[in-house]
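A.B. asks: Compute the structure for the input listed below.
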Amino acid sequence: MKVLNLIIKQKFFDLIISGEKKQEFREVTPTTVKKYLQLDEEGYEKEDENGYAVPIKYDAIRFFVGYNKDRDSALVEIKDTICEVEFNEFGNPIIYEHEGEEWVRETMVYTLGKVLEKSIK
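C.D. replies: As a prediction, this is how the structure comes out:
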C-alpha cells in the first residue's frame with residue numbers, strides 16, 4: 001500500500017474521523033510538487049491526454065495531528081485524486097514566478113474513503 005503522510009489540524013482530523021470531511025486539499029508548490037505529481041526525467045509535470053497533471057497514485061493518507069511525537073493519527077483510504085488548475089476572474093490559469101520559472105497554481109484534491117486505522121492519544 002502506497003501511503004501519503006500529511007500533517008493536519010485537530011479540528012480537520014476530527015471531521016475526517018467522523019466522516020463529515022470527505023475531501024482533503026493541498027496546494028502544489030515548487031517544494032511539494034515531487035510529493036504530489038508524477039514528473040518526467042527533466043523534472044516537469046507529466047500530463048495526461050487532456051493536458052492535466054498526473055497525480056502520484058496513493059492508496060491512503062496517514063494524517064498526523066501536529067508535529068509532537070505523542071499525537072493522534074489515522075490511515076484513511078483515498079477513493080480518487082485529481083489535480084485542479086486554479087483560474088483567475090478572466091478564466092485564465094493563475095501563473096506565478098518562483099526562482100525565475102513560471103508555475104501554474106494547482107491544488108490536489110483527495111476524495112477520502114474509509115478510516116482504515118486510527119490512533120487517538
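A.B. asks: For the rest of this, base every contact and every neighbour count on C-alpha atoms.
C.D. replies: Will do.
A.B. asks: which residues sit against the worst-scoring helix or strand of the chain on mean pLDDT?
C.D. replies: Lowest on mean pLDDT, DSSP states H and E among the helices and strands of the chain sits strand 101-104, with a mean of 90. Contact with strand 101-104 is made by Pro30, Val85, Glu86, Pro93, Ile94, Ile95, Tyr96, Glu97, as judged by CA atoms under 8 Å, 6 or more residues apart in numbering.
A.B. asks: I figured the fifth one hits Thr107, correct?
C.D. replies: No - applying CA atoms under 8 Å as the test, Ile94 and Thr107 come out as separate, 11.6 Å apart.
A.B. asks: what's the overlap in contacts for those two?
C.D. replies: Joint contacts of Ile94 and Thr107 (CA under 8 Å, 6+ apart) are Val85, Glu86.
A.B. asks: Quick one: neighbours of Asp80, just the number.
C.D. replies: Asp80 sits with 14 neighbouring residues when counted by other CA atoms under 10 Å.
A.B. asks: Quick check: what element follows whatever helix or strand it lives in along the chain?
C.D. replies: In this structure, Asp80 sits in strand 73-85 according to DSSP states H and E. Counting by DSSP H and E, the next helix or strand C-terminal to strand 73-85 is strand 95-98.
A.B. asks: rewinding a little: from the contacts of strand 101-104, pick the one nearest Phe64.
C.D. replies: Pro30 (22.6 Å; CA to CA).
A.B. asks: For that closest one, list the residues it contacts.
C.D. replies: His98, Trp103.
A.B. asks: Please repeat the previous calculation with a cut-off of 7 Å.
C.D. replies: Not one residue lies near Pro30 by CA atoms under 7 Å, 6 or more residues apart in numbering.
A.B. asks: With Lys9 instead?
C.D. replies: Counted by CA under 7 Å, 6+ apart, Lys9 has contacts Val65, Gly66.
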